[in-house]
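**Student:** I would like to see how this sequence folds:
(one chain, ligands or ions: 1)
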Amino acid sequence: MYPFETWLSQAQDHLDKTGRPLVSLCYAQSLDGSLSDQPGKPLKLSGPQSSELTHQLRSLHAAILVGVGTVLADNPRLTARLPGRKTSIPQPRPVVLDSALRTPSTARLIQGAEKSPWIAATSAAPEDRRAALLAAGVEIMDLPVDAQGKVSLPDLLVCLGQRGISSLMVEGGARVLQAFLAQKLADQVIITIAPLFLGGVPVIEPWGRIIQQPLRMIEVGSQQLGADLVIWGQCMAPA
Ligand SMILES: NC(=O)c1ccc[n+]([C@@H]2O[C@H](COP(=O)([O-])OP(=O)(O)OC[C@H]3O[C@@H](n4cnc5c(N)ncnc54)[C@H](OP(=O)(O)O)[C@@H]3O)[C@@H](O)[C@H]2O)c1
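**Tutor:** This next block holds a predicted model:
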């Protein structure tokens, strides 16, 4: 059993105490910290064993979140799939950060949904997009905007907590991971490091001082899975 499974088993306590889900950032990067090759293009970085861990992690969380950039680039299903497993496994609730409702109604996370997705938008989203997504079975959460005009992440977490979501897996992409890190809203990270240099889209933009203070991990551990290194840790609470 991985330590983060124990941490996740305490998610309900976290929700009861804070009113917010336990937030895990779970993504794959190259040795130089790139998430993908080019902006807006998908690239499979994880090998088969670490991909299986990703699907286990999806199944261990109550909800999984990506930004609309990832929906448009990768068209992910955001389901937990473990080949060979005979019994069905718990599925996370897909959540998309999408201020202006750019998610297409034909997206795989809508059409192939095990659980109907929730889209976190703002009141500025166009009415025709709202109507099309509601007709496709999506639930839209209208949330306040932050200083950049995007969905306010603290408000989103409170809203998810009120809906009983005790754990949230944040899978990407770059802008969303940066936003969670910069606002110190992550509780733990589980990062797959694939053994290649890519020089592509960085998880954290260099020199931008997006992260004002160092964000340290504690309870750090790692394991090699195939050719990949998986590293995990809890985020130290801001002083
Ligand atoms: N390696 C991995 O594990 C992994 C995982 C996932 C994705 N990816 C890659 O990441 C790339 C996509 O990344 P991306 O940066 O273009 O898109 P993204 O992070 O998936 O989505 C960013 C968009 O989310 C919306 N958003 C709403 N509220 C936000 C908030 N508070 N903070 C940040 N974003 C908010 C914004 O669009 P609006 O202004 O329209 O709301 C923003 O442009 C793709 O190449 C994909 O393949 C890699």
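
**Student:** surely residue 156 meets residue 145?
**Tutor:** No: contact criterion Cβ atoms under 8 Å: residue 156 and residue 145 do not qualify, at 11.2 Å. Every residue, glycine included, has its C-beta placed from N, CA and C.

**Student:** Which one of the two is surrounded by more residues?
**Tutor:** Higher neighbour count among residue 156 and residue 145: residue 156, with 23 against 14, using other Cβ atoms under 10 Å.

**Student:** Name the nearest residue to that one, sequence neighbours excluded.
**Tutor:** Counting by Cβ to Cβ, 6 or more residues apart in numbering, the nearest residue to residue 156 once its immediate chain neighbours are dropped is residue 120, at 5.2 Å.

**Student:** For the residue nearest the centre of the chain, give its distance to residue 123.
**Tutor:** Closest residue to the average C-alpha location of the chain: residue 170 at 1.6 Å, with Cα atoms, centre = their mean. Separation of residue 170 from residue 123 (Cβ to Cβ, to the nearest Å): 24 Å.

**Student:** And residue 89, by the same measure?
**Tutor:** For residue 89 relative to residue 123 (Cβ to Cβ), the value is 36 Å.

**Student:** Residue 137 too?
**Tutor:** The gap separating residue 137 from residue 123 is 21 Å, by Cβ to Cβ.

**Student:** With residue 159 instead?
**Tutor:** 14 Å.

**Student:** Compare those two (neighbour count), which wins?
**Tutor:** Legend: neighbour count by other Cβ under 10 Å for residue 159 and residue 123, higher for residue 159 (20 against 10).

**Student:** Can you give me the buried ones in stretch 102-109?
**Tutor:** 102, 103, 104, 107, 109 (16 or more other Cβ atoms under 10 Å).

**Student:** Show me the contact partners of that stretch.
**Tutor:** With contacts defined as Cβ atoms under 8 Å, 6 or more residues apart in numbering, stretch 102-109 is touched by 68, 71-72, 75-78, 94, 96, 110, 117, 119, 129, 132-133, 135-136, 138.

**Student:** Please narrow those to those residing in helices.
**Tutor:** 68, 71, 72, 110, 129, 132, 133, 135 (DSSP state H).

**Student:** quick one: which of the residues you listed is nearest the ligand?
**Tutor:** Distance to the ligand, by Cβ to the nearest ligand atom, is smallest for residue 68 among these, at 4.8 Å.

**Student:** Count the neighbours of the nearest residue to that closest one once chain neighbours are set aside for me.
**Tutor:** Excluding the flanking residues, the one nearest residue 68 by Cβ to Cβ, 6+ apart is residue 98, at 3.9 Å. Counted by other Cβ under 10 Å, the residues lying close to residue 98 total 26.

**Student:** which residues does residue 98 contact?
**Tutor:** Going by Cβ under 8 Å, 6+ apart, residue 98 touches 67, 68, 71, 119, 120, 121, 125, 151.

**Student:** One more: residue 82?
**Tutor:** 52, 55, 56, 59, 89.

**Student:** rerun that using 10 Å as the cut-off
**Tutor:** 52, 55, 56, 58, 59, 88, 89 (Cβ atoms under 10 Å, 6 or more residues apart in numbering).

**Student:** Local confidence estimate at the first one?
**Tutor:** The predicted structure scores residue 52 at 96 on the pLDDT scale.

**Student:** and it, what element?
**Tutor:** Taking DSSP states H and E as the definition, residue 52 sits inside helix 48-60.
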